[in-house]
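In: can't give you the sequence, but here's the structure:
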């Protein structure tokens with residue numbers, strides 16, 4: 001009772017607003033209002049049937065399966081959520097999405113008993129200090145919780161602080177990031193089924209190079225997922 005009263009007082013003094021449409025949130029709503037939550041463009045990809053995320057990587061990297069939670073568009077709610085996550089210190093967005101997608105993925109019983117470790121695409125240590133957190137970590141950690149598996153952000157390391165590569169051709173990106181990621185200890189993940197996680201898949205170039213580095217460890221099987229994918 002007291003907690004509800006305090007929350008109501010805080011809502012008046014510092015009203016919480018929806019990250020999607022900026023309306024005031026009602027009690028029980030978190031980060032986004034009910035209307036925006038219902039409008040979120042879920043992909044329905046759950047590592048079962050072949051999907052367009054799989055096809056992004058065909059002929060490029062040997063992965064077992066790929067998936068993504070949401071469709072990303074330049075002017076949509078998903079962009080606003082990820083913008084708040086990356087640039088406005090709203091790490092709880094990752095937790096919110098990770099809990100939601102984790103509940104969906106754990107219905108896939110095969111996946112639930114397959115993944116040995118979940119690894120986020122890393123930030124360079126300089127960018128990590130600037131931001132204070134890896135925007136992928138909270139999402140990946142909640143997936144690990146729901147899939148009842150391990151999480152590690154120490155196996156895959158980014159060696160340089162680079163600007164975004166999304167507007168360059170794929171060949172140019174490969175030249176720029178040839179040695180951008182390394183493994184801290186290949187033996188630590190040998191024989192593992194790995195779920196590699198990122199925030200947004202656009203061309204797939206970052207995931208491609210990270211997966212290729214993880215594949216340097218003996219007998220690894222790699223799955224890929226993300227918060228969102230550009231259709």
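Out: Structure received. Note that this is a predicted model, so its numbers are computed, not measured.
In: helices and strands of this structure: which one bottoms out on pLDDT?
Out: Taking mean pLDDT, DSSP states H and E as the measure, the chain has helix 2-13 as its least confident helix or strand, at a mean of 44.
In: Quick check: what element follows that one along the chain?
Out: helix 34-39 (DSSP states H and E).
In: Against which helices or strands is that next one packed?
Out: With contacts defined as 3 or more C-beta pairs under 8 Å, 6 or more residues apart in numbering; DSSP states H and E, helix 34-39 has no helix or strand neighbours. For glycine as for every other residue, the C-beta is placed from the backbone atoms N, C-alpha and C.
In: tell me how far it is from the chain's mean position?
Out: Taking C-alpha atoms, centre = their mean, to the nearest Å, one finds helix 34-39 lying 20 Å from the centre of the chain it belongs to.
In: What are the buried residues along stretch 202-221?
Out: 202-215, 217, 220-221 (16 or more other C-beta atoms under 10 Å).
In: Please flag which of those sit within helices.
Out: 205, 206, 207, 208, 209, 210, 211, 212, 213, 214 (DSSP state H).
In: Go ahead and name everything in contact with the longest helix seen in the chain.
Out: Longest helix in the chain, counting residues (DSSP H): helix 92-105. Residues outside helix 92-105 that contact it (C-beta atoms under 8 Å, 6 or more residues apart in numbering): 19, 30-31, 46-47, 69-70, 81-82, 84-85, 111-112, 135-143, 145-147, 225, 227.
In: in that helix, what's buried?
Out: Buried residues in helix 92-105 (16+ other C-beta under 10 Å): 93, 94, 95, 96, 97, 98, 100, 101, 102, 105.
In: wait, what's in contact with the residue nearest to residue 122 when sequence neighbours are not counted?
Out: Distances taken as C-beta to C-beta, 6 or more residues apart in numbering place residue 158 nearest to residue 122, at 4.5 Å, with adjacent residues excluded. Contacts of residue 158 were listed using C-beta under 8 Å, 6+ apart, and they are 122, 123, 124, 125, 180, 181.
In: Can you tell me the number of residues neighbouring the fifth one?
Out: The burial metric for residue 180, expressed as a neighbour count using other C-beta atoms under 10 Å, is 21.
In: gap between it and residue 129?
Out: Per C-beta to C-beta, to the nearest Å, residue 180 is found 18 Å from residue 129.
In: what's the answer for the first one, then?
Out: Look at residue 122 and residue 129: by C-beta to C-beta, they are 13 Å apart.
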